[in-house]
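> Give me a model of this one.
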Amino acid sequence: RMLFLTGAIRRDQSSAYSPNAIGQVLPRLTFAFLPSELEGFKNSKMGNWWNTLKIRAAYGRAFVFSAVQYFERFTTYTPFSYVGGLGGFTTPLSLNNRDILPEIKNELEFGTDLEFFKGRLNVTLNYYSQKIENLIVRVLPAPSVGGTSILSNVGTMTNKGIELLISGTIIKSKNFQWVSTINYNRNRNVVTKVTLAPGFINLNAETQGIQQGSPFGIFNIRYYARNANGTLLLNADGLPQVERGDASGKPQRDANGQPVGTPLRKIFGTALPDWTGTFIQEFSYKKLALRIQIDHNQGGLRYNWNRITGNNVGNGLMAEKELKGELPRGWVAAVGGFIGPRIQEEHLESGTFTRLRELTLSYNIGKVGKIGNFTAGVTGRNLFLWTEYTGYDPETNSGGQSIRVLGDDFGNFPIPRTILFNLTVNF
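Numbers count the residues shown, from 1 in each chain. Just a heads-up that it's a prediction; the model follows:
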């Protein structure tokens, strides 16, 4: 068989969303064609070393049910007792929305699977284009609303990218084998439409948010005032200061060349990486096996709260330089928000890192008496981290899995280094 076509149609509706969210027809279609099954391909000289050529395509439309938990669209009140034992209820700070609509994901994917040299070399390549409608996030409402966040449908977002997997057996002999695997992922995320309000919408403490035409979770923050040549524009005391300007975001200067007007913000980028990759090497010699996995994250910004917070309490490189006289007295206070607004640009750092994710050494003992196959091994995870990030770990996030907080480091614990010893028995 060389041609495959499958399809399905379903209709979904969930009580977790507004009753006005009528059930939708959700189609799914997959297609696959194997030219390598053609007689002309198999009987050709090329067919001797190129064993499989598979071309794939798929389209699907689905609800993203995980975006809202059951009953989350309802605002719940917390009971408490007044002084004297009288009961009452408090209104929550996180407000909900009875009319919330479900996120709908549309995805189109093209791909190919290649096999060469009787399985010694395998290549998988995918391209995907994803569109999410009725994007759900908690946004920061106006103070008059009475809460700190409200559940909202804010617009449309797209993800487009490629996934590449290459795996090959470099050496294969009677006693020794070496298998190498490389994985590469590149995604480009854009909020293509914002329906809630024009301009920038805050999601997290006025530092991260969304804006039409930009990636999700962009950093929109206050920044250093600079001279035309890029150097810091210092005030009369020789200290750095925040950039200021008019309502349009254009910097302004007074007669002395100093910033004047409202503190300005600008977009610096997002915590989302430029690309990620994994490099796996597997060696085996007789009964001994070694597996090495290295992960790499290229790009993406990290908002290092500890960088300024530590300096503000005298525990940081900037504070140390000021104490040594390498920076003017008051430099830390000027950056940290004690003399004028905090210069948030100082928080930002590159999130690029390379991590030795896993190292495993195992030995196949074989049978012990009449008991089945024994394998003993030791595994180390997160053993080493190579990065220029000055915090503990650029891979952690103070918001956990929350999409409102990305690349945020505020007293985060680093990913632990672990050593595991194991004994496996197969009967």
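> secondary structure class for residue 306?
Assigned with DSSP: H, G, I helix; E, B strand; the rest coil, residue 306 falls in the helix class.
> Next up, the contacts around the spatially most central residue of the chain.
Closest to where the C-alpha atoms of the chain average out (Cα atoms, centre = their mean) is residue 272, at 5.0 Å. Contacts for residue 272 (Cβ atoms under 8 Å, 6 or more residues apart in numbering) come out as 187, 189, 215, 216, 217, 300, 406. C-beta coordinates here come from the backbone N, C-alpha and C atoms, glycine included.
> Tell me which residues touch the fifth one, please.
The neighbours of residue 217, taking Cβ under 8 Å, 6+ apart as the test, are 203, 208, 209, 210, 270, 271, 272, 403, 404, 406, 407.
> Go through stretch 129-148 and flag the buried ones.
Judged by neighbour count (16 or more other Cβ atoms under 10 Å), stretch 129-148 contains these buried residues: 130, 131, 132, 133, 134, 135, 136, 137, 138, 139, 140, 147.
> If you tally nearby residues, what's the number for the residue nearest to residue 97 when sequence neighbours are not counted?
Of all residues not flanking residue 97 in the chain, residue 151 sits nearest, at 4.4 Å (Cβ to Cβ, 6 or more residues apart in numbering). Other residues lying near residue 151 total 20 when counted by other Cβ atoms under 10 Å.
> still on that earlier bit, turn the buried residues of stretch 129-148 into CSV, including distance to residue 164 and secondary structure.
Converted to CSV, the buried residues of stretch 129-148 look like this (distance: Cβ to Cβ, whole Å; DSSP: H, G, I helix; E, B strand; the rest coil):
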residue, distance to residue 164, secondary structure
130, 17, strand
131, 22, strand
132, 24, strand
133, 28, strand
134, 31, strand
135, 28, strand
136, 31, strand
137, 31, strand
138, 35, strand
139, 36, strand
140, 39, coil
147, 45, coil
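> And those residues, which two are furthest apart?
The largest separation in those, counting by Cβ to Cβ, is between 130 and 147 at 31.2 Å.
> How is residue 318 assigned, secondary-structure-wise?
Of the three states, residue 318 takes helix under three-state DSSP.
> Leaving aside the residues adjacent along the chain, what's closest to it?
residue 311 (4.4 Å).
> How about the secondary structure of residue 411?
coil.
> Same check on the one 3 residues further on?
Per three-state DSSP, the local secondary structure of residue 414 is coil.
> Kindly state the pLDDT recorded for the nearest residue to it once chain neighbours are set aside?
Leaving out its chain neighbours, the residue that sits closest to residue 414 by Cβ to Cβ, 6+ apart is residue 393, at 3.6 Å. Looking at residue 393, its pLDDT stands at 94.
> three-state assignment of residue 393?
coil.
> mind checking the SS state of residue 339?
coil.
> now, which of the buried residues of stretch 129-148 sits nearest residue 44?
Residue 44 lies nearest to residue 130 out of the buried residues of stretch 129-148, by Cβ to Cβ, at 37.4 Å.
> Is that closest one bridged to anything, and to what?
Beta-bridge pairing for residue 130 (DSSP bridges): residue 107, residue 159.
> Next, work out how far apart it and residue 11 are.
Between residue 130 and residue 11 the distance is 21 Å, computed by Cβ to Cβ, to the nearest Å.
> Ok, residue 312 next?
Residue 312 is 56 Å from residue 11, where distance means Cβ to Cβ.
> So for the two, which sits in the more crowded spot?
Under the criterion of other Cβ under 10 Å, the comparison of residue 312 against residue 11 puts residue 312 first, with 18 against 9.
> May I have the residues that are in contact with the closest residue to that one other than its chain neighbours?
For residue 312, ignoring the flanking residues on the chain, the nearest one in space by Cβ to Cβ, 6+ apart is residue 336 at 4.3 Å. Under the criterion of Cβ under 8 Å, 6+ apart, the contact list for residue 336 reads 308, 311, 312, 342.
> one step back: now the residue nearest to the centre of the chain. Its backbone dihedrals?
The phi/psi pair for residue 272 (degrees, to the nearest 10) reads phi -70, psi 140.
> What is the helix or strand residue 365 falls within packed up against?
When elements are assigned from DSSP states H and E, residue 365 belongs to strand 353-368. Strand 353-368 sits against strand 288-298, strand 371-387, with contacts defined as 3 or more Cβ pairs under 8 Å, 6 or more residues apart in numbering; DSSP states H and E.
> any idea how far stretch 204-221 is from the chain center?
Distance, stretch centre to chain centre, for stretch 204-221: 14 Å (Cα atoms, centre = their mean, to the nearest Å).
> Kindly apply the preceding question to stretch 169-177 instead.
So, by Cα atoms, centre = their mean, the centroid of stretch 169-177 is 37 Å from its chain's centroid.
> In PDB, list the C-alpha atoms belonging to stretch 407-417.
Provided in PDB are the C-alpha atoms of stretch 407-417 (Å, rounded to 0.1, in the frame of the first residue of the first chain):
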ATOM      1  CA  GLY A 407      11.000  33.900  31.400                       C
ATOM      2  CA  ASP A 408      10.500  35.400  34.800                       C
ATOM      3  CA  ASP A 409      13.100  34.800  37.500                       C
ATOM      4  CA  PHE A 410      12.100  36.000  41.000                       C
ATOM      5  CA  GLY A 411      13.800  33.900  43.600                       C
ATOM      6  CA  ASN A 412      13.400  30.800  41.600                       C
ATOM      7  CA  PHE A 413      15.000  27.500  42.700                       C
ATOM      8  CA  PRO A 414      17.200  26.100  40.000                       C
ATOM      9  CA  ILE A 415      16.400  22.700  38.400                       C
ATOM     10  CA  PRO A 416      18.000  20.200  40.800                       C
ATOM     11  CA  ARG A 417      21.000  18.000  39.800                       C
END
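> Would you mark the buried spots in that stretch?
Residues of stretch 407-417 classed as buried by neighbour count (16+ other Cβ under 10 Å): 407, 408, 409, 410, 412.
> Tell me who's in contact with the closest residue to residue 375 other than its chain neighbours.
Leaving aside its sequence neighbours, residue 375 sits nearest to residue 424 (Cβ to Cβ, 6+ apart; 4.5 Å). Residues near residue 424 by Cβ under 8 Å, 6+ apart: 374, 375, 376, 377.
> Perfect, I'm done here.
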